[in-house]
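Asker: Dropping the sequence and predicted coords here.
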Amino acid sequence: MDEKKRQVWRFVIQTAISILTAIATALGVTSCMAAA
């Protein structure tokens, strides 16, 4: 039970990091295009 919960949290954290990275990349690209 505890091991499964740890795996779920690891998956959630990795997913959140991926989403945040994608958002940061999109914002960075749009801000660069706006600056250019």
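Answerer: Perfect, I can see it now. Numbers count the residues shown, from 1 in each chain.
Asker: Give me the residue ranges of this protein where confidence is low.
Answerer: By pLDDT under 70, the low-scoring segments of the chain are 36.
Asker: If we use 90, what do you get?
Answerer: Scanning the chain for pLDDT under 90 picks out 1, 24, 26-36.
Asker: now the strands: where do they sit in the protein?
Answerer: For the chain, no strands are identified by DSSP state E.
Asker: any chance you could map the helices in the chain?
Answerer: Ranges of helices in the chain, per DSSP state H, are 2-35.
Asker: Kindly provide the distance from S18 to A24.
Answerer: Plainly put, S18 is 11 Å away from A24 if you go by Cβ to Cβ, to the nearest Å. All C-beta atoms are positioned from the backbone trio N, CA, C, and that covers glycine.
Asker: Show the contacting residues for T21.
Answerer: Residues counted as contacts of T21 (Cβ atoms under 8 Å, 6 or more residues apart in numbering): none.
Asker: measure it to D2 for me?
Answerer: From T21 across to D2, the span is 29 Å (Cβ to Cβ).
Asker: Same question for A35.
Answerer: For A35, the distance to D2 (Cβ to Cβ) stands at 49 Å.
Asker: again with M33
Answerer: For M33, the distance to D2 - Cβ to Cβ - is 47 Å.
Asker: now do G28
Answerer: 39 Å.
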